[in-house]
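Novice: Fold the following, please.
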Amino acid sequence: GESTTVMLRNIPNRIRNEDVRALLDDHGFGGAYTRVHLPFDGRSRCNLGYAFVEFVSPAWFDAAMARLGGLRFPQSQSQKVTQVSVARSKEESDLLKGKA
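Specialist: Below you'll find the predicted structure:
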């Protein structure tokens, strides 16, 4: 397909944007993505448990879909493991592009 954006779910709520980038880089995706968007709750200062990652090509997207599920964040004590899916909706696309 032509998709390039994944939705990474089940992220521990204290994880920051740079932690998501570090996870990507540590798993061989350094330089393969153009944008990471990790929405935060302004009051709690916690993330909402998911992030959008835009990859540079459909091939990198396919690799991400195959390899980014079932991972843990080493910065967190949480037992949560990541789930990965296609970011499909217009809202997700707009969020990533900063239009929302």
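
Novice: and for stretch 82-91, what are the contacting residues?
Specialist: Residues outside stretch 82-91 that contact it (CB atoms under 8 Å, 6 or more residues apart in numbering): 3, 5-11, 23, 52, 64-65, 68-72, 93, 96, 100. In short, each C-beta sits where N, CA and C put it, glycine included.

Novice: which among these end up buried?
Specialist: Among the contacts of stretch 82-91, those buried by neighbour count (16 or more other CB atoms under 10 Å) are 5-8, 10-11, 23, 52, 64-65, 68-69, 71, 96.

Novice: and the residue of the chain most remote from its centre, what element?
Specialist: Farthest-out residue of the chain from its mean C-alpha position, per CA atoms, centre = their mean: Arg43, at 21.6 Å. Element membership of Arg43, judged by DSSP states H and E, is empty: it is in no helix or strand.

Novice: got the CA coordinates for stretch 72-85 in PDB?
Specialist: Taking Å, rounded to 0.1, in the frame of the first residue of the first chain, the C-alpha atoms of stretch 72-85 are listed here in PDB:
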ATOM      1  CA  ARG A  72       8.400  -2.300  26.000                       C
ATOM      2  CA  PHE A  73       9.900   1.100  26.800                       C
ATOM      3  CA  PRO A  74      13.100   0.700  28.900                       C
ATOM      4  CA  GLN A  75      12.500   4.100  30.500                       C
ATOM      5  CA  SER A  76       9.300   2.800  32.100                       C
ATOM      6  CA  GLN A  77       8.400   0.400  34.800                       C
ATOM      7  CA  SER A  78       5.200  -0.400  33.000                       C
ATOM      8  CA  GLN A  79       4.500  -3.900  31.700                       C
ATOM      9  CA  LYS A  80       2.600  -2.400  28.700                       C
ATOM     10  CA  VAL A  81       3.800  -3.600  25.300                       C
ATOM     11  CA  THR A  82       3.200  -1.700  22.200                       C
ATOM     12  CA  GLN A  83       0.600  -2.400  19.600                       C
ATOM     13  CA  VAL A  84       0.900  -1.000  16.000                       C
ATOM     14  CA  SER A  85      -1.800  -0.300  13.500                       C
END
